[in-house]
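**Q** I would like to see how this sequence folds:
(chains A and B)
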Amino acid sequence: MDTTESTVAPLKKNRSPFLQRLANFFAEMAKINSFIFRFFKEAFMPPYEFKEIMRQCYETGVRSFTLITLTGFIVGFIFTKQSRPSLASFGATSWLPSLVSIAILRALAPLVTALIASGKVGSSIGAELGSMRVTEQIDAMEVSGTKPFKYLVCTRVLATTIVIPILATYTAFIALLGGYLNVSGNEGTSYRAYMEAVFDPITFLDFESSLIKSIVFGFTIGIVGCYQGYYSNKGTEGVGKAANGAVVTAMFLVFIEEMIIVQLTGWFR
Amino acid sequence: MEKVKAKIDYYNPVITIRDLYKSFGDMKVLQGIDLDLYQGENLVVLGRSGTGKSVLIKIISGMLRADSGDVTVLGHDMNTIREKDLQELRIRIGFSFQASALYDSMTVRQNLEFPLVRNRKGMTRKEIDTATESVLDAVGLLSAINQMPVELSGGQRKRVGIARTLILNPEIMLYDEPTAGLDPITCIEINDLINEVQQRFNTSSIIITHDLTCAKSTGDRIAMLLDGKFEHVGSFNEVFDTDDKRVKPFFDYNFVE
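**A** All right, here's what the predicted structure looks like:
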């Protein structure tokens, strides 16, 4: 049964506000865990919603494409420009492509992509599902014999998990292009020489950690957006809260995950 | 349109409810509901806002669970029903929502096709189109087939919502406030549609409403929900032939200036 009944413990008269908040926190954690568990349980069981997953992939990519192109380019260009004086003081501007590539591939591309997708895609998912919840469209799916969780949540989470790594790779490419324009303008470096210098310090571990990070970020953005929207209530106010909650929570978690994955990768280096 | 006398099979209850209780926190909503809905019958549930009318049909459709009591729908015990059986049972129950609940990112055609393609595997494109057009024609909205829900009026949205449930040929229809927020002429049209659905599709229905005109013109039996229980059950005249101060205002507000 896919009810919207609250799992949060009701306030008892003799319970202090602190204990009540603590109880609510643990109840919410249990609800989130059960939501994630349900995703893994339902996402890989037939029937598969391939068509809807493809549609969501397209929506996720299109929604963020323009902003990611612009941001990626600016990040690459500005980062190269700002790094130049420090390297120039050591007479090491030839290391600029290597510095840019390490920074972009290891950290900036997945992070920038995830932050933009949190704003564009996460909020959109939160608002869309929130609106469907308050207008009883999710209930309508449920009573007509369709599994709304599978159709709405699993498809969106899978789409963000698939598309964010692709977008992060694209962001890295565009950012490196931005870096090239700056390097080429100042040093007259050829595109081929720049690209050779860019890939020289990059290891398989860099690609791997960047890819894993993007997959984790994509999953987080999708699951947070869906959770906020799927359990939204209180009418139109709830829709706004769901969209806002999706962005704020996803961004917060992305930073935490970035920190953890960087630490873990450091042990393998 | 005058209501045609329905063929009700009083030996065949499709819904049986005994001693049903439901609370939300400290708020007691349903406190000992007993109800039988017979095959072919339109039962109207009247009651004040917040008395649990919608909760009752949500329990019947399996969207909420009862705290205690027995609910049997088309032979299935709703307390012990398995998830798979519930999915199959839901196809046999149509639920018309108060605000229609049309999928606003889909056209009218896609709204109707959505439950069909998910529950009737192996249908050809032509069969899907025929079923969609036939049911839209039955509610008088074939011309709106390619429109988006946002382009429809309140009455049209209700009709499409009813059509979307009818496309699966349900045996039971649950109407949640079918005439709420509609003008009197559209209300009459919706009432006629409810009666037509009963005749043409041979459905048994529970109609939740405050609207006594709707109750009088669609109900074979009226049940008045008061303080969490059905206090007055019978024909329209039987229910309102009372001095109960909790019932009289309903009649006075609707029919007396």
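
**Q** for the helix or strand harbouring residue A:22, what is the average pLDDT?
**A** For residue A:22, the element it lies in under DSSP states H and E is helix A:17-43. Per-residue pLDDT values over helix A:17-43 give a mean of 91.

**Q** doesn't residue A:105 make contact with residue A:207?
**A** Yes. Counting by CB atoms under 8 Å, residue A:207 does reach residue A:105; the two are 7.3 Å apart. No exception for glycine: its C-beta is placed from N, CA and C like everyone else's.

**Q** Quick check: residues of the stretch 101-250 of chain B near chain A?
**A** B:101-104, B:114-115, B:118-119, B:164-165, B:168 (CB under 8 Å from any CB of the partner chain).

**Q** Out of these, which end up buried?
**A** When these are checked for burial by 16 or more other CB atoms under 10 Å in any protein chain shown, the buried set is B:101-103, B:114-115, B:118-119, B:164-165, B:168.

**Q** got the contact list for the nearest residue to residue A:246 once chain neighbours are set aside?
**A** In this structure, residue A:246 finds its nearest non-sequential neighbour in residue A:126, 3.2 Å apart by CB to CB, 6 or more residues apart in numbering or on different chains. Listed by CB atoms under 8 Å, 6 or more residues apart in numbering or on different chains, the contact partners of residue A:126 are A:224-226, A:228-229, A:232, A:242-247.

**Q** ok, now residue A:96?
**A** Residue A:96 makes contact with A:80, A:83-84, A:87, A:179, A:183, A:187, according to CB under 8 Å, 6+ apart.

**Q** mind redoing it with 6 Å?
**A** Shown here is residue A:96, whose contacts under the criterion CB atoms under 6 Å, 6 or more residues apart in numbering or on different chains are A:87, A:183.

**Q** got it, and residue B:251?
**A** residue B:240.

**Q** any idea whether it is helix, strand or coil?
**A** Here residue B:251 is helix, with the state taken from DSSP: H, G, I helix; E, B strand; the rest coil.

**Q** In the top helix by length along chain B, which of the residues would be classed as buried?
**A** If you go by DSSP state H, chain B has its longest helix at helix B:184-201. Within helix B:184-201, the residues scored as buried using 16+ other CB under 10 Å are B:186-195, B:197-198, B:201.

**Q** cool, and stretch A:67-83?
**A** With burial defined by 16+ other CB under 10 Å, the residues of stretch A:67-83 counted as buried are A:68, A:71-73, A:75-77, A:79-81, A:83.

**Q** How far away from the center of its chain is that stretch?
**A** For stretch A:67-83, the distance from its own C-alpha centre to the chain's C-alpha centre is 19 Å (CA atoms, centre = their mean, to the nearest Å).

**Q** got it, and stretch B:225-236?
**A** The offset between the C-alpha centroid of stretch B:225-236 and the centroid of the whole chain comes to 17 Å, using CA atoms, centre = their mean.

**Q** got it, and stretch A:154-173?
**A** The chain centroid and the centroid of stretch A:154-173 are separated by 8 Å, computed with CA atoms, centre = their mean.

**Q** Indicate whether the helix holding residue A:22 makes contact with chain B.
**A** No. Helix A:17-43 does not reach chain B (CB under 6 Å from any CB of the partner chain); its nearest approach is 11.4 Å.

**Q** Could you identify the helix or strand that succeeds that helix?
**A** The C-terminal neighbour of helix A:17-43 among helices and strands, as given by DSSP H and E, is helix A:50-89.

**Q** Give the burial count for residue B:134, as a bare number.
**A** By other CB atoms under 10 Å in any protein chain shown, the residues close to residue B:134 number 13.

**Q** Quick one, grab the pLDDT at it.
**A** With respect to pLDDT, residue B:134 has a value of 92.

**Q** tell me the SS of it?
**A** Under three-state DSSP, the three-state class of residue B:134 is helix.

**Q** Out of the contacts of residue A:126, give me the one that has the most neighbours.
**A** Among these, where neighbours are counted by other CB under 10 Å, the top count belongs to residue A:225, at 33 neighbours.

**Q** Would you state the helices of chain A in chain order?
**A** Counting by DSSP H, the segments of chain A that form helices are A:17-43, A:50-89, A:96-103, A:109-117, A:123-134, A:137-143, A:148, A:155-187, A:191-199, A:204-230, A:235-268.

**Q** what's the closest of those helices to residue B:65?
**A** Ranking the helices of chain A by their distance to residue B:65 (criterion: CB to CB) puts helix A:137-143 first, at 13.7 Å.

**Q** elements contacting the closest one?
**A** In this structure, helix A:137-143 makes packing contacts with helix A:148, judged by 3 or more CB pairs under 6 Å, 6 or more residues apart in numbering or on different chains; DSSP states H and E.
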